[in-house]
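Below are the sequence and a predicted model; questions follow.
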Amino acid sequence: MPKISINSKKSLFEPIEIEIDGETYSIEKVDRDLFKKINPLEPKKNASLPKQVEAVYKQLAAMLDVPIKKVEVIDYRDAQHILNQISKEIFFAPTKRTDTKEPKKKIPKNPKN
């Protein structure tokens, strides 16, 4: 029977890296704590445009674990694009596990050689 071994301290997935003005930020783990940080920052349904814009910057700062001043300097469209890409990586990207415990398949040698 296949066995899946998970270490809660380190994810099996590669970190999500975001570069802003030459500085690289990394989302190491996507866990419940991350969602607890960003969920309250989600704008309410029918929120005004300024509140929606503010929510994007606050969510991005929370995800990257940086002060909002680090992200509010970028264009809103770029901030929204970064959030969209992070969401795609979390929810829609194919599984790209870096689990090294899986056996590597050997390529059979060509019998003619």
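On my side now, so go ahead. Numbers count the residues shown, from 1 in each chain.

where exactly do the strands run in this protein?
For the chain, the strands defined by DSSP state E cover 16-20, 23-27.

count of residues packed around the residue nearest to residue 68 when sequence neighbours are not counted?
Distances taken as C-beta to C-beta, 6 or more residues apart in numbering place residue 61 nearest to residue 68, at 4.3 Å, with adjacent residues excluded. (Glycine included, C-beta is placed from N, CA and C.) Using other C-beta atoms under 10 Å, residue 61 is surrounded by 20 other residues.

before we move on, back to that, so which of the strands of the chain is nearest residue 83?
strand 16-20 (10.0 Å; C-beta to C-beta).

Note down every partner strand of the closest one and its orientation.
Next to strand 16-20 in the sheet, as set by DSSP bridges, lie strand 23-27 (antiparallel).

for the residue nearest to residue 68, what are its contacts?
Contacts for residue 61 (C-beta atoms under 8 Å, 6 or more residues apart in numbering) come out as 67-68, 70-72.

So which of those wins on neighbours?
Greatest neighbour count in the contacts of residue 61, by other C-beta under 10 Å, goes to residue 71: 23 neighbours.

for the helix or strand bottoming out on mean pLDDT in the chain, packing partners?
Least confident helix or strand of the chain, by mean pLDDT, DSSP states H and E, is helix 32-38 with a mean of 90. Judged by 3 or more C-beta pairs under 8 Å, 6 or more residues apart in numbering; DSSP states H and E, the packing partners of helix 32-38 are helix 49-64.

Measure how the helix it packs on sits relative to strand 23-27, angle-wise.
Between helix 49-64 and strand 23-27, the angle comes out at 80 degrees (axes from the mean of the first three to the mean of the last three C-alpha atoms, to 10 degrees).
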